[in-house]
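take a look and give me a structure for this.
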Amino acid sequence: MAIIPFTYEHTNFHQFKVGSVVNLEFDIVGKYISKLLQQYLDSGLLGK
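Next comes the predicted model:
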């Protein structure tokens, strides 16, 4: 995982240590994956 230096300095990321439990949300990534997958399914390529 990569953290932008500004984010690291201005949040509590600098307090985390290896093994720290964190909550990562991928809602936006999931939205784009869903959209791309739907386009793929709609294209009919899956059945070929």
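
export the longest helix anywhere in the chain as PDB, just CAs?
Secondary structure assigned by DSSP state H gives helix 27-43 as the longest helix of the chain. In PDB, the C-alpha atoms belonging to helix 27-43 read as follows (Å, rounded to 0.1, in the frame of the first residue of the first chain):
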ATOM      1  CA  ASP A  27     -16.400   1.500  -2.900                       C
ATOM      2  CA  ILE A  28     -15.100   3.600  -5.800                       C
ATOM      3  CA  VAL A  29     -12.800   0.900  -7.200                       C
ATOM      4  CA  GLY A  30     -15.700  -1.600  -6.900                       C
ATOM      5  CA  LYS A  31     -18.000   0.800  -8.800                       C
ATOM      6  CA  TYR A  32     -15.500   1.000 -11.700                       C
ATOM      7  CA  ILE A  33     -14.900  -2.700 -11.700                       C
ATOM      8  CA  SER A  34     -18.700  -3.300 -11.800                       C
ATOM      9  CA  LYS A  35     -19.100  -0.900 -14.700                       C
ATOM     10  CA  LEU A  36     -16.300  -2.500 -16.700                       C
ATOM     11  CA  LEU A  37     -17.600  -6.000 -16.000                       C
ATOM     12  CA  GLN A  38     -21.100  -5.100 -17.000                       C
ATOM     13  CA  GLN A  39     -19.700  -3.700 -20.300                       C
ATOM     14  CA  TYR A  40     -17.800  -6.900 -20.900                       C
ATOM     15  CA  LEU A  41     -20.900  -9.000 -20.100                       C
ATOM     16  CA  ASP A  42     -23.100  -6.800 -22.400                       C
ATOM     17  CA  SER A  43     -20.600  -7.200 -25.200                       C
END
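
residue ranges in this structure under the pLDDT threshold?
Along the chain, the model assigns pLDDT under 70 to residues 46-48.

what residues does the most centrally placed residue in it make contact with?
With the centre of the chain defined as its mean C-alpha position, the nearest residue by CA atoms, centre = their mean is Phe26, 4.0 Å away. With contact set as CB atoms under 8 Å, 6 or more residues apart in numbering, Phe26 has no partners. C-beta coordinates here come from the backbone N, C-alpha and C atoms, glycine included.
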